[in-house]
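Enquirer: Quick one, fold the following:
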Amino acid sequence: HRGIGPDNATYLCPRKMLGKPCPMCEASKDAKDAGENDEAKELQPSERVVSWVLDRDADDPEKPMLFEQSWTQDRDITSLCVNERTGEILMIDHPDKGYDVTIKRQGTGPRKTKYFGQSIARNDSPIHDNERTQDDILDYVKENQVPDTLNFYDYDYLAGVLSGTVPAKDEVLDKDEDEDDVQPARASR
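Expert: Numbering: from 1, shown residues only. Predicted structure coming up:
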């Protein structure tokens, strides 16, 4: 669910992911039943794909980051990996002979960011030129599997966010707390 609460935050859907009740899905159904189709659509969950990537242009290009994309973006990138004439598949995620993926971005925010112009490099390249650094990157990703990085919240918390009774994130306080929790940022490969 995207654009939820005062911070327009994104939350995993407990109904879709865990088979548990979800206040956002319930609110979406209530809105639809009341004829508020636009609101109902805004509250519906959308399928997303999360991957570990390296942003070659980041301040720290050796730091794996989580990249979230729509299933259609994932589909479009996957389709670029197949040679239409031969059927050969480019293994873009191969550690030594993978291919960089470039994605252009426009805008910011959960509903205002648009990604477009996906392309795959024409020459293969390793994750990193230094074998030790590459091993460290791969070890980090293996030790931090994507499902283990996902944050699920309980029903009452999500209902509070949706209703606006959970306080908005305090940037100063939360920044100090976040510095203690070294979390990977986001980006691309």
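
Enquirer: Who are the contact partners of Gln118?
Expert: 73, 76-77, 80, 101-104 (Cβ atoms under 8 Å, 6 or more residues apart in numbering). Any C-beta I mention is one placed from the backbone N, CA and C, and that applies to glycine too.

Enquirer: what's around the nearest residue to His1 once chain neighbours are set aside, how many residues?
Expert: Closest residue to His1 apart from its sequence neighbours, by Cβ to Cβ, 6 or more residues apart in numbering: Met24 at 4.4 Å. Met24: 23 surrounding residues under other Cβ atoms under 10 Å.

Enquirer: In terms of helices and strands, where is Met24?
Expert: Met24 belongs to helix 23-33 when assigned by DSSP states H and E.

Enquirer: What average pLDDT does the lengthiest helix in the chain get?
Expert: Scanning the chain for the longest helix, with DSSP state H as the assignment, gives helix 131-143. Regarding helix 131-143, the rounded mean pLDDT is 96.

Enquirer: Repeat that for stretch 155-171.
Expert: pLDDT averaged over stretch 155-171 gives 82.

Enquirer: chain center to that stretch: distance?
Expert: 21 Å (Cα atoms, centre = their mean, to the nearest Å).

Enquirer: I'd guessed Ala159 sits against Pro23; true?
Expert: Yes - taking Cβ atoms under 8 Å as the definition, Ala159 is a contact partner of Pro23 at 4.0 Å.

Enquirer: circling back to that earlier point, any idea how far the residue nearest to His1 lies from Tyr155?
Expert: Taking Cβ to Cβ, to the nearest Å as the criterion, Met24 is separated from Tyr155 by 10 Å.

Enquirer: element containing the most centrally placed residue in the chain?
Expert: When the chain is reduced to its mean C-alpha position, the nearest residue by Cα atoms, centre = their mean turns out to be Glu68, at 1.7 Å. Following DSSP H and E, the helix or strand that holds Glu68 is strand 65-70.

Enquirer: Please consider this matter closed, and thank you.
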